[in-house]
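> Requesting a structural model of the entry that follows:
(one chain, ligands or ions: 1)
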Amino acid sequence: TKDTFAQIAAKDADVAAFLALNEDEATATAKKIDAAGVAEDNKLAGIPVAIKDNIVTDGLTTTAASKMLANFVPIYDATAVKKLKDAGMVIVGKTNMDEFAMGSSTENSAMKTTKNAWDYTKVPGGSSGGSAAAVAAGEVVASLGSDTGGSIRQPAAFNGIFGFKPSYGRVSRWGLIAFGSSLDAIGTLTRSVRDSAYVMNALIGADDHDTTTVPRPAEDLGAKIGQSIKGLKVALPAEYLGEGVDKAVADQIKAAAKKLEELGATVETVSLPHTKYAVPAYYIIASSEASSNLQRFDGIRYGFRAKDVHSLEDVYVRTRSEGFGSEVKRRIMLGTFSLSAGFYDAYFKKAAQVRTLITRDFEKVFEDYDLIIGPTTPTTAFKIGDKVTDPLTMYMNDILTIPVNLAGLPAASINAGFVDGMPVGLQFIAKPFNEATIYQAAAAFE
Ligand code: GLN
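Modelled structure (predicted):
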């Protein structure tokens, strides 16, 4: 814990990954654990961890990087945080992100600009950009992120670390500030594959507070780490190396596929024909759910309220106009429109149908294969400022991660090499609740 805070002191003036630090409480917790001693088989006690700032922490500011929640101090822990604390982990602080997790570069934060750990002129990715940069810069060994359309895997890819998104329903969303409730998942950002499995094992399980969590028998997600991948059937979708994917990135992924073959896996090309509809369907579904979820920020119940408001309408309108950033407002408008009586059939319903087709594409491939691989992102990290004024280009950056959330699948990104000094992410996607296969393949590749 001491080293972690020393690293943060040395690096964070440049990287700007943290929004809040929890040094006094972390130090006290660490001392208590030192005094009590740690059981031999407890891998997590005393290990510092950083938490994305849309996951609520008792007594520690939780802003979702929004002016709307700038001074919000929760009075309870998210289930995920509680589970890490119960395992003895030490909460070091809260990390920067795109406001309400909407974005792919952390530039939509109302608080600060986080830098890519490899090149401070480039974005760290998003929305879990702070969680990724903090790990990649060596400030902390593990962090929690959230992934609605790629927000763990894409920043992991951009920062050359391991990002893991579990199956929908594996980890409780209680205390995760909701964005797209049918898509949101809490997962990990770590340097190593095994570290991720240790933390994920502590996070998983059904929770009475989240009825979408799935009860399952006790399981070690890392059980197959170290096992050979000989005979593993791996699919590489043609669409994932198609138009819009940088040739240099595609070449790295082909080299990674070769490496998996050398390790005894078979790799074959397959098709996920509805991939091209994933981004438009996602932006309708995610924004619709967000427009509903964000209704609670009304100037009365939480955080920010506009000054000098004299009527109820003023409280709502001025609070929301001043409290939300422009990307959040864009999504609320898009979502409200898609759900409105006159347009529901043409937009939300259509998107929900496309979602089913995308899910079926995956199911079909998984009839014959254990794992799907591809690039995590079409390009490596881009320059700060390059895409921020062009939302559509920014949205397209998520084309390879979004289908996974629409289908609720587990997936991860691991570093697969570099292009011009910037890390390239290799994505692994598995059947629902087959996290163990991802860990097996990723560890063999590491
Ligand atoms: N970049 C995507 C978006 O802006 C995904 C975000 C996320 O996964 N939270 O919606």
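
> contacts, neighbours, all on C-alpha from now
Will do.

> how about stretch 64-71, does it get close to the ligand?
No. Counting by CA under 6 Å from any ligand atom, the ligand is not contacted by stretch 64-71; separation bottoms out at 11.1 Å.

> Following the chain onward from the least confident helix or strand in the chain by mean pLDDT, which element is next?
Least confident element among the helices and strands of the chain, by mean pLDDT, DSSP states H and E: helix 391-396 (a mean of 84). Following helix 391-396 in sequence order, the next helix or strand is helix 402-407 (DSSP states H and E).

> quick one: contacts of the least confident helix or strand of the chain?
For helix 391-396, the surrounding residues in contact (CA atoms under 8 Å, 6 or more residues apart in numbering) are G103, S104, V279, K387, V388.

> Which of the three states applies to the residue of the stretch 151-300 of the chain found nearest the ligand?
Nearest to the ligand, among the residues of the stretch 151-300 of the chain, is S151, at 3.6 Å (CA to the nearest ligand atom). Three-state assignment for S151 (DSSP: H, G, I helix; E, B strand; the rest coil): coil.

> Next up, the contacts around it.
Residues in contact with S151 (CA under 8 Å, 6+ apart) are A101, S104, G125, G126, S127, S128, G145.

> Scan the residues you listed and report the most crowded one.
S128 (37 neighbours; other CA atoms under 10 Å).

> That one reaches G145, doesn't it?
Yes. Counting by CA atoms under 8 Å, S128 does reach G145; the two are 5.5 Å apart.

> the helices in this protein, which residues?
2-15, 23-36, 79-86, 129-136, 153-159, 193-203, 247-262, 278-293, 312-323, 326-339, 350-368, 391-396, 402-407, 435-445 (DSSP state H).

> Can you list the helices and strands that the second one packs against?
Helices and strands in packing contact with helix 23-36 are listed as strand 90-95; criterion 3 or more CA pairs under 8 Å, 6 or more residues apart in numbering; DSSP states H and E.

> Around the closest residue to D184 other than its chain neighbours, how many other residues sit close by?
Leaving out its chain neighbours, the residue that sits closest to D184 by CA to CA, 6 or more residues apart in numbering is T148, at 4.4 Å. T148 has 28 neighbours, counted by other CA under 10 Å.

> of all the residues in the stretch 51-200 of the chain, which ones are close to the ligand?
With CA under 6 Å from any ligand atom as the criterion, the stretch 51-200 of the chain comes near the ligand at residues A101, M102, G103, S104, S127, D147, T148, G149, G150, S151.

> would you list those residues in JSON lines and tack on pLDDT and distance to L69?
What follows is those, written out as JSON lines (pLDDT from 0 to 100; distance: CA to CA, whole Å):
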{"residue": "A101", "pLDDT": "98", "distance to L69": "13"}
{"residue": "M102", "pLDDT": "98", "distance to L69": "15"}
{"residue": "G103", "pLDDT": "97", "distance to L69": "18"}
{"residue": "S104", "pLDDT": "96", "distance to L69": "20"}
{"residue": "S127", "pLDDT": "98", "distance to L69": "17"}
{"residue": "D147", "pLDDT": "98", "distance to L69": "20"}
{"residue": "T148", "pLDDT": "98", "distance to L69": "20"}
{"residue": "G149", "pLDDT": "98", "distance to L69": "23"}
{"residue": "G150", "pLDDT": "98", "distance to L69": "23"}
{"residue": "S151", "pLDDT": "98", "distance to L69": "20"}
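
> Can you tell me which of the contacts of helix 391-396 has the most neighbours?
Most neighbours among these, by other CA under 10 Å: S104, with 30 neighbours.

> was I right about that one contacting G130?
No. Between S104 and G130 there is no contact under CA under 8 Å: 11.7 Å.

> what do S128 and G145 both touch?
Jointly contacting S128 and G145 under the rule CA under 8 Å, 6+ apart are K52, S151, I152.

> how about the CA coordinates for stretch 357-368, as PDB?
The C-alpha trace of stretch 357-368 is given here as PDB (Å, rounded to 0.1, in the frame of the first residue of the first chain):
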ATOM      1  CA  LEU A 357     -29.700 -11.700 -34.700                       C
ATOM      2  CA  ILE A 358     -26.300 -10.800 -33.300                       C
ATOM      3  CA  THR A 359     -26.700 -13.200 -30.300                       C
ATOM      4  CA  ARG A 360     -27.700 -16.000 -32.800                       C
ATOM      5  CA  ASP A 361     -24.600 -15.300 -34.900                       C
ATOM      6  CA  PHE A 362     -22.500 -16.100 -31.800                       C
ATOM      7  CA  GLU A 363     -24.600 -19.100 -30.800                       C
ATOM      8  CA  LYS A 364     -24.100 -20.600 -34.300                       C
ATOM      9  CA  VAL A 365     -20.300 -20.200 -34.200                       C
ATOM     10  CA  PHE A 366     -20.200 -21.600 -30.600                       C
ATOM     11  CA  GLU A 367     -21.800 -24.800 -31.800                       C
ATOM     12  CA  ASP A 368     -18.500 -25.700 -33.400                       C
END
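
> So that it lines up with my notes, have the first residue be 602 from now on.
Sure thing, new numbering starts at 602, so read that last one as stretch 958-969.

> What lies in contact with that stretch?
Outside of stretch 958-969, the residues within contact range by CA under 8 Å, 6+ apart are 834, 836, 871-876, 879, 1004, 1007-1008, 1032.

> and the residues you listed as JSON lines, adding distance to T658?
Below are the contacts of stretch 958-969 laid out as JSON lines (distance: CA to CA, whole Å):
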{"residue": "K834", "distance to T658": "41"}
{"residue": "A836", "distance to T658": "40"}
{"residue": "V871", "distance to T658": "43"}
{"residue": "S872", "distance to T658": "42"}
{"residue": "L873", "distance to T658": "39"}
{"residue": "P874", "distance to T658": "42"}
{"residue": "H875", "distance to T658": "39"}
{"residue": "T876", "distance to T658": "37"}
{"residue": "A879", "distance to T658": "33"}
{"residue": "P1004", "distance to T658": "30"}
{"residue": "L1007", "distance to T658": "28"}
{"residue": "A1008", "distance to T658": "29"}
{"residue": "K1032", "distance to T658": "32"}
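
> May I see the ChimeraX selection of the buried members of those?
Of the contacts of stretch 958-969, the buried ones can be selected in ChimeraX as follows, counting by 16 or more other CA atoms under 10 Å:
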select :834,836,871,872,873,875,876,879,1004,1007,1008,1032
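
> Return the member of the contacts of stretch 958-969 nearest to M1023.
Nearest to M1023 among those is P1004, at 24.7 Å by CA to CA.

> Quick check: the closest one touching Y878?
No. Counting by CA under 8 Å, P1004 stays clear of Y878, with 9.1 Å between them.

> Would you single out the least confident of the helices of the chain?
Across those, helix 992-997 has the smallest mean pLDDT, namely a mean of 84.
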